[in-house]
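Peer 1: prediction below, plus the sequence it came from.
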Number of protein chains: 2
Amino acid sequence: MASMSGFFFKTQPQIHSFPKTQKAHFTTSLKLPSLKKTRPTTRISSGLIDPDGGKLVELIVKESERDLKKAQVGNLPQIKLSKVDVEWVHVLSEGWASPLKGFMRESEFLQTLHFNSIRLDDGSLVNMSLPIVLAVDDAQKNLIAGSGSVGLLDSGGNPIAILNNIEIYKHNKEERIARTWGTTAPGLPYVEEAIKNSGNWLLGGDLEVIEPIKYHDGLDRFRLSPAELREEFTRRNADAVFAFQLRNPVHNGHALLMTDTRRRLLDMGYKNPVLLLHPLGGYTKADDVPLTWRMRQHEKVLEDGVLDPENTVVSIFPSPMHYAGPTEVQWHAKARINAGANFYIVGRDPAGMGHPLEKRDLYDADHGKKVLSMAPGLERLNILPFKVAAYDKTQGKMAFFDPSRAEDFIFISGTKMRTLAKNKESPPDGFMCPGGWKVLVDYYDSLSLSETGKVPEPVPV
Amino acid sequence: MASMSGFFFKTQPQIHSFPKTQKAHFTTSLKLPSLKKTRPTTRISSGLIDPDGGKLVELIVKESERDLKKAQVGNLPQIKLSKVDVEWVHVLSEGWASPLKGFMRESEFLQTLHFNSIRLDDGSLVNMSLPIVLAVDDAQKNLIAGSGSVGLLDSGGNPIAILNNIEIYKHNKEERIARTWGTTAPGLPYVEEAIKNSGNWLLGGDLEVIEPIKYHDGLDRFRLSPAELREEFTRRNADAVFAFQLRNPVHNGHALLMTDTRRRLLDMGYKNPVLLLHPLGGYTKADDVPLTWRMRQHEKVLEDGVLDPENTVVSIFPSPMHYAGPTEVQWHAKARINAGANFYIVGRDPAGMGHPLEKRDLYDADHGKKVLSMAPGLERLNILPFKVAAYDKTQGKMAFFDPSRAEDFIFISGTKMRTLAKNKESPPDGFMCPGGWKVLVDYYDSLSLSETGKVPEPVPV
């Protein structure tokens, strides 16, 4: 595993090649489309779960047409996107939101807000719980009025996509926020970042994305698309894929859970269950540990050998984070179906956070898994509730909590973990591998060294 | 029709009998179950739409068991219900909310809030957009803790129902309000009336209702249950039933729409479409015209002969009003399926109102019909969008708006109508029949005569 750590520090992503060892935890971006034909065709069908809508949506234009499309943007009215908007273009472009083919039109937006699902032409429902929308202001609306297509630029003014057959409709922010978060309290991180100051109109349409979205942060090779992940699972002959979404450092309780899940799947008769360890890579709130540091921490934990590289794929999920609890956990699960996962591990209070104004959690800790297990469009996905792990003093390691001897366990919350790391204190032996813990301590060290006292932004986009 | 007016002023409801004339607009409560066997069996199958879940839920206990159940309440912990709670018991008892068998348990509540639909054991979805829940406070929760059943009393302390196999769960009012109304702005009428000061717990369970809920306001005979309505539609050999929900006075634009709908249904090949004119009879906000006055107004309009009594059934829908726009219109439609309606007329901004704080409508005027047409569980219902009627100056009557000669039309809003009636002014000839208009003028007269200046409550419950 030691050789894998190098992947983090190379400035040029190793695209176009497989990792040299088949044991890689961290797979690189696998291929160009042109390589497909040269692949051996002997691999067996993996029987991966079908994407929503039956076919994985891919919105990136053919390489041969890219110059043409770039030139076309020059002849269209243009909208400059925010960082979060670009993350959504990335998500849409690779089909995480299949069968969506672009930013939502009003009928999709309304179904998302009211039903957390969208009806397809054949009458079936696919899950869709978060609005994936593009806000424009009055001036932009006037600029594009009468045009069927709009050019989309990144913050540097570079053309990244064309939105076709556009539809403009009202952006009722209050209603969107209330129906998505179940509160309108000021201080919701995604609302502050991406909604509060956004325009009063939404712009839907079909996307043509000019080339794959890259961030040039040394981590692009870990951002596998759903198609690439499916290819990797197929290559490994996975007969079950279980996804673990995370946006926090991994401790040994998580590792125990993932290992135990594989054991349960083997007990169920699966021959080769593969874990998709899938940290979220888009926008996160300021007090979360940034992606670069999390990836370093994950690597150290993996080096520790708790998870078996033979049956683990680590990749970055490009979605921004809403912190919308039971509404958002559906999105997290649905997107992983599109990447080939048919099992999803759901924890306590997934995508939850504290109430912005009141001294309580925003969501009931059990609602996430309950809502997920009942959600329309997710019937095909097997939901695996997170067993509670805690530090077992008698064993000196993380273990599943046994209520019959509750006094033997210590619960170490995220807040407690962060406080310990900030204070350079050590958690109990066996809570997290020393290398992983050191990354956390280093991160908080880097914060306190920062002159401004603000969270640094180590991931340029 | 003149003879029908008497129905309003009789103090004893004429239950147990059919109206003497088959032409009655206003049908009375039809029968006791014991009469069923003596009915002729010659009527043809009407092929009415199936209730949600396949079977109409009826929760009223057999007459022979009522004394026993009343006595049983005496031995149970007891909860006194509010007026609105009793209206929901009424709604549930007759199966308007089929397949719900009582106040929602948490799984039903969560599905309602997140998906506006509930999954049945066979995997199918039924629509359910409004939480039908019973709130209890800490003291009540402590009182019933450990008991499997609870007795429910009306405000006078009379036993009305037993709730069995109870489940107590948290009442997160903020989340309930945000997800139901799409806003948490203070001043939402139903919230002020029924949620704001309610308890922090919800009590779900299966209802046994001791006897049919009655209000003794002279209107009980117009409160036909879904079973009674189905019986009436079958008796009339209806091959289509189109429902018109209203909570406002009827003007000739409404009448035009209803007549035109019947014509369209005949054009579609139906032989005997029957109109269910179905004013809402539960809680309404203070500035709505109260039920008693609305029923008087409807009667006068019907006497005017615009609607044909042969194919019109007027009855009262016992639900309280949420004013929750696109969320509530689904409930209004779904409940009418249970009463046998397979066509539903939806207007502009159904169940809408002004924003409590801002100078705008709370909902987009088109969202109601859009959401309704896409709602899970309502696929079997035919949605008929309301055509816009306005006063056509060239014809001197209400007519469908023709945008090619917009200048010929006058729009008379509800606010304008009320202002005219309050000022004892007359609307243009042909807007509403004089008898119906006089009821409105009389109502506002009665308000200004009221010493307190407050809205009187002419409907004792």
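Peer 2: Received it, and whenever you're ready, just let me know what you need.
Peer 1: where does the nearest residue to residue A:316 once chain neighbours are set aside fall, phi/psi-wise?
Peer 2: In space, and not counting its chain neighbours, residue A:316 is closest to residue A:281: 3.8 Å by Cβ to Cβ, 6 or more residues apart in numbering or on different chains. Backbone N, C-alpha and C define where each C-beta goes, glycine included. Taking degrees, to the nearest 10, you get phi -110, psi 0 for the backbone angles of residue A:281.
Peer 1: these two touch, right, residue A:281 and residue A:223?
Peer 2: Yes - Residue A:281 lies in contact with residue A:223 (Cβ atoms under 8 Å); the separation is 6.6 Å.
Peer 1: which residues do those two both contact?
Peer 2: Contact criterion Cβ atoms under 8 Å, 6 or more residues apart in numbering or on different chains; residues shared by residue A:281 and residue A:223: A:316, A:318.
Peer 1: between the two, which one's more packed in?
Peer 2: residue A:281 (26 against 21; other Cβ atoms under 10 Å in any protein chain shown).
Peer 1: what's the spatially closest residue to residue A:136 that is not a sequence neighbour sitting at in phi/psi?
Peer 2: Nearest residue to residue A:136 in three dimensions, chain neighbours excluded: residue A:199, at 4.5 Å (Cβ to Cβ, 6+ apart). Per-residue torsions, residue A:199: phi -70, psi 170 (degrees, to the nearest 10).
Peer 1: which residues touch residue A:199?
Peer 2: A:135-138, A:140-141, A:171.
Peer 1: now residue A:184
Peer 2: Applying Cβ under 8 Å, 6+ apart, the residues contacting residue A:184 are A:174, A:177-178, B:178, B:183-184.
Peer 1: now swap in residue A:388 and tell me
Peer 2: A:348, A:400-401.
Peer 1: how about residue A:81?
Peer 2: A:89, A:134, A:152-155, A:160.
Peer 1: go again using 10 Å as the cut-off
Peer 2: A:87-89, A:134, A:152-155, A:160-161 (Cβ atoms under 10 Å, 6 or more residues apart in numbering or on different chains).
Peer 1: just the pLDDT at it, thanks.
Peer 2: For residue A:81, the model assigns a pLDDT of 98.
Peer 1: and residue A:348, by the same measure?
Peer 2: For residue A:348, pLDDT reads 88.
Peer 1: gap between the residue nearest to residue A:136 and chain B?
Peer 2: 17 Å (Cβ to the nearest Cβ, to the nearest Å).
Peer 1: swap in residue A:437?
Peer 2: Going from residue A:437 to chain B by Cβ to the nearest Cβ gives 36 Å.
Peer 1: the strand or helix carrying residue A:205 and chain B in contact?
Peer 2: Following DSSP states H and E, the helix or strand that holds residue A:205 is strand A:201-209. No - judged by Cβ under 10 Å from any Cβ of the partner chain, strand A:201-209 makes no contact with chain B; its nearest approach is 12.0 Å.
Peer 1: now for residue A:252: which residues touch it?
Peer 2: Counted by Cβ under 10 Å, 6+ apart, residue A:252 has contacts A:259, A:301, A:304, A:306, A:389, A:391, A:397-399, A:427, A:430-433, A:436.
Peer 1: which one in the residues you listed is the model shakiest on?
Peer 2: Per-residue pLDDT puts residue A:306 lowest of those, at 78.
Peer 1: right, is stretch A:119-131 up against chain B?
Peer 2: Yes - residues of stretch A:119-131 contacting chain B under Cβ under 10 Å from any Cβ: A:119, A:123, A:125, A:127, A:129.
Peer 1: would you check that the last one makes contact with residue A:108?
Peer 2: This means residue A:129. No - assessed by Cβ atoms under 10 Å, residue A:129 is found out of contact with residue A:108, at 12.0 Å.
Peer 1: those two: who's more crowded?
Peer 2: residue A:129 (29 against 22).
Peer 1: would you mind measuring from the more buried one to residue B:152?
Peer 2: Taking Cβ to Cβ, to the nearest Å as the measure, residue A:129 falls 36 Å from residue B:152.
Peer 1: buried ones in the helix or strand of chain A with the lowest mean pLDDT, by neighbour count?
Peer 2: Using mean pLDDT, DSSP states H and E, the weakest-scoring helix or strand in chain A turns out to be helix A:414-422, at a mean of 86. Judged by neighbour count using 16 or more other Cβ atoms under 10 Å in any protein chain shown, the buried positions of helix A:414-422 are A:417-418, A:420-421.
Peer 1: just put these in a markdown table and tack on distance to chain B.
Peer 2: Putting those into a markdown table (distance: Cβ to the nearest Cβ, whole Å) gives the following:
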| residue | distance to chain B |
| --- | --- |
| A:417 | 27 |
| A:418 | 27 |
| A:420 | 31 |
| A:421 | 32 |
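Peer 1: between the residues you listed, which sits nearest residue A:69?
Peer 2: Set against residue A:69, the nearest of the buried residues of helix A:414-422 by Cβ to Cβ is residue A:418 (44.8 Å).
Peer 1: ok, that closest one touching residue A:287?
Peer 2: Yes - with contact defined as Cβ under 10 Å, residue A:418 reaches residue A:287; the gap is 8.2 Å.
Peer 1: what ranges do the helices span in the stretch 151-300 of chain A?
Peer 2: Applying DSSP state H, counting those that start in this stretch to the stretch 151-300 of chain A gives helices spanning A:173-181, A:189-190, A:226-235, A:252-267, A:291-303.
Peer 1: so what's residue A:383 up against?
Peer 2: A:329, A:333, A:343-346, A:369-370, A:372-375.
Peer 1: how close does residue A:48 get to residue A:230?
Peer 2: 6 Å.
Peer 1: can you report how many residues neighbour residue A:78?
Peer 2: A count of neighbours around residue A:78, defined by other Cβ under 10 Å, yields 16.
Peer 1: right, and it touches residue A:143 too?
Peer 2: Yes - between residue A:78 and residue A:143 there is a contact under Cβ under 10 Å: 8.1 Å.
Peer 1: anything in contact with each of those two?
Peer 2: By Cβ under 10 Å, 6+ apart, the residues touching both residue A:78 and residue A:143 are residue A:150.
Peer 1: so which residues on the stretch 251-400 of chain A come close to chain B?
Peer 2: Selection of the stretch 251-400 of chain A residues close to chain B by Cβ under 10 Å from any Cβ yields A:325-327, A:330, A:355, A:357-358, A:360, A:362-364, A:366-367, A:370-377, A:379.
Peer 1: derive a PyMOL selection command for the buried subset of these.
Peer 2: Here is the PyMOL command that selects the buried residues among those (16+ other Cβ under 10 Å):
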select buried, chain A and resi 325+326+327+330+355+362+363+364+366+367+370+371+372+374+375+376+377
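Peer 1: how about the longest strand seen in chain A: buried residues?
Peer 2: Ranked by residue count under DSSP state E, the longest strand found in chain A is strand A:159-170. By 16+ other Cβ under 10 Å, the buried positions in strand A:159-170 come out as A:159-163, A:166-169.
Peer 1: average pLDDT for it?
Peer 2: 98.
Peer 1: can you give me the angle it makes with strand A:201-209?
Peer 2: 150 degrees (axes from the mean of the first three to the mean of the last three Cα atoms, to 10 degrees).
Peer 1: rewinding a little: which among the buried residues of strand A:159-170 are in contact with chain B?
Peer 2: residue A:169.
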